[in-house]
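> Quick one, fold the following:
(3 chains)
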Amino acid sequence: MRIEEHPILDFKRGKILNFTFNGEKLTGYEGESIAAALHAAGVKVLGESLNLHRPRGFYCAIGNCSSCLMVVNGVPNVKTCVTELKEGMVVQTQRGKGVLK
Amino acid sequence: MFEQTGIPERDMIIEKFPPVERIDRGPVAIVECYKRIPCNPCETACRFNAIRVGEDINNIPVTDHEACTGCKVCISKCPGLAIMAVDGSKSKETVEISLPYEFLPLPQKGDQVSALDRAGNFVARVRVVSVLNPKSFDRTPVITIEADRKHMYDIRNIRTEEH
Amino acid sequence: MKTTELLVIGGGPAGLCAALSAAESGASVTVVERNNRLGGQLIKQTHMFFGSREQYASTRGIDIAKILEAELIKYSRQIEVLTDTAVLGLYEDGVVNALYKEEDYFKIKPKAIVAATGAYEKSLAFPNNDLPGIYGAGAVQTLMNVYGVKPGNNVLMVGAGNIGLIVSYQLMQAGVRVAAILDAAPKIGGYLVHASKIARMGVPILCSHTVKEAIGKDCLEKAVICMVDERFSPIPGTEKELEVDVMCISVGLTPLCELLAMRGCEMKYVPQLSGSVPVRNERYETTIENLFVAGDASGIEEASSAMVEGRLAGLCAAAKMGYKPADFDERFKGYAAQLKALRSGPVGEHILRGIEQIVSKEDRHV
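Next up is the predicted model:
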């Protein structure tokens, strides 16, 4: 799902980062958002709706719409479309509203 | 229909072309800008004052086909990729058509490619005679193909994969 | 508490131009941007801009962002940039509340503010419009052009305005198939030069069409489209199924100006400007004194106009704080003339009818 060659852009990808999504080991690149790394790995379903539990993906990709909220390193309601991927991140699907500790 | 499909009608296209007699004298730009939009880089890019937009940048550009030298700089500068060039000076049977092409893979000189019309339909297999892609064209290469004269008003795009 | 002369909220085309223009007049400026880099939506715009030389016409948006950033460096003594910083609130005592990296809250007290907060993408109502695989067209542009990730294999674009047309073209440049572009309107809304670029790639543009329904279990698998009549009602029997794994919604933007509404600026719903926008004077000052607005937050337009509006708002905000350069009138008239030129076409006429409704000749500070 990654663009290797582009007529206008030259993608200078950062170093490879390891992270997990619901326990599954995945990799992404330094400098990209969590949602972009997940999408590149074929993960489109990021969460579910609160009441009807319908699947949710990102919608705006610039931090406006909250459709991409996930649990990251135990913290709920992280906007994964604008949060940079870091080495060793533990990314999980969020069920419900999340709890503040 | 143009405003529903983005495909200009044949009479609109022909109106933008210079007389065949001019085309036969050498390369000339054809500015397929049909509707008023605020834009004038074609005018700024032309060193020969051959494209004029004027004070109101929404004006539809007017091409002075006599002043145009067919240098093709404007083809790469038009943000709407609305400019092409034709050259009928090389032979009586064929015409060279120059088009902007911002896709990969970029064809090479001598390649056979598919020529497409303004609706993306296949017209003919044609040969690439030159690929201009200097830094000043800023990633908008200009591909020149050689085509049968009967397709002069039809061809507006190319496709590189085997047809 | 942090203090500054001019606070610019938003580091997109309007905000950066506002900061540069105010700095040129002599003011000190702090730019806050919630993203981790400047440029706003310019950073994903691989296409060449329209307009004329003053608005960097024929230059690609991605490169305009670089030009503006380079200009910022020239004023590095006057302009401070805070990225990863979101403004959360504007308060009556003039204090601004901001959040750095979603963790550290801090306060800023500026003498004046330019809000250049931009816009957000509208959605469209149809059954299953919440399925993953259905994205804003701008979102797909970000995914492709910022991160180099394809959204999927086969796309249905909903909306034939400039964004829909441009993103369709850029999808093809990224090697993604575009099945069709739909628009409920009877005519293409975007520039026809963009439409022609798509048409000659063999992608059909279907006016008077809409999405009836999306189908899929966990992700989008199919879209049902149909024709609509003059009153935008679906015409029974015209349904068609398209096998697509991505649908891009490009049905327009709406101004992102909640901060201004929250602060108590008089707001007005203006359809021509695509939403609720602040009432302002000719110097881009809202009904709250020393609070200025520029760019899409003051009405949806092209980025070219947003940049000129930013220059104007920055010039006027600096002047209000006492930095009125000798050539103020000349600069003001110059920018106003650029805007007039950008707005004198058919699309511009529509915008001007909107602007008439929000610009008051007198100051109406509350």
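
> Per-residue pLDDT of the residue of chain A found nearest chain C, please?
Taking Cβ to the nearest Cβ, chain C has its nearest neighbour within chain A at A:Gly57, 2.8 Å off. From N, CA and C alone the C-beta is placed, and that goes for glycine too. If you check A:Gly57, the pLDDT there is 97.

> Show the contacting residues for it.
Shown in contact with A:Gly57 (Cβ atoms under 8 Å, 6 or more residues apart in numbering or on different chains): A:44-46, A:67-68, C:131-135, C:219.

> tell me the SS of C:Cys17?
Secondary structure for C:Cys17, judged by DSSP: H, G, I helix; E, B strand; the rest coil, is helix.

> hang on, isn't C:Gly15 packed against C:Ile113?
No. The criterion here is Cβ atoms under 8 Å, and C:Gly15 misses it with C:Ile113 at 10.9 Å.

> Which one of these two is surrounded by more residues?
C:Gly15 (33 against 28; other Cβ atoms under 10 Å in any protein chain shown).

> Could you report the pLDDT at that one?
We have a pLDDT of 98 for C:Gly15.

> From chain A, how far off is the closest residue to it other than its chain neighbours?
The shortest distance from C:Gly15 to any non-neighbouring residue, by Cβ to Cβ, 6 or more residues apart in numbering or on different chains, is to C:Ala116 (3.5 Å). For C:Ala116, the distance to chain A equals 15 Å [Cβ to the nearest Cβ, to the nearest Å].

> C:Ser52 now?
In this structure, C:Ser52 and chain A are 22 Å apart, going by Cβ to the nearest Cβ.

> Which parts of chain A are helices?
Counting by DSSP state H, one finds helices in chain A at the ranges A:34-40.

> How about the residues of it by chain C?
A:1-3, A:5-9, A:11, A:13, A:32-33, A:36, A:39-40, A:44-46, A:49, A:54-65, A:81-84 (Cβ under 8 Å from any Cβ of the partner chain).

> Try it again at 7 Å.
Selection of chain A residues close to chain C by Cβ under 7 Å from any Cβ of the partner chain yields A:1-3, A:6-9, A:11, A:32-33, A:36, A:39-40, A:44-45, A:54-64, A:82, A:84.

> In contact with the residue of chain C found nearest chain A, which residues are there?
Closest residue of chain C to chain A, Cβ to the nearest Cβ: C:Pro132 (2.8 Å). By Cβ atoms under 7 Å, 6 or more residues apart in numbering or on different chains, the contact set of C:Pro132 is A:44-45, A:55-57, C:218-219.

> try it again with 6 Å
Shown here is C:Pro132, whose contacts under the criterion Cβ atoms under 6 Å, 6 or more residues apart in numbering or on different chains are A:44-45, A:55, A:57, C:219.

> of all the residues you listed, which two lie farthest apart?
A:Lys44 and A:Pro55 (8.3 Å; Cβ to Cβ).

> Which one's more surrounded, those two?
Set side by side, A:Lys44 and A:Pro55 show more neighbours around A:Lys44, with 24 against 19, by other Cβ under 10 Å.

> returning to what we had before: need the pLDDT of the residue of chain C closest to chain A.
We have a pLDDT of 98 for C:Pro132.

> In which helix or strand does it reside?
Using DSSP states H and E, C:Pro132 is not contained in any helix or strand.

> And it, its phi and psi?
Phi and psi for C:Pro132, reported as degrees, to the nearest 10, are phi -60, psi 140.
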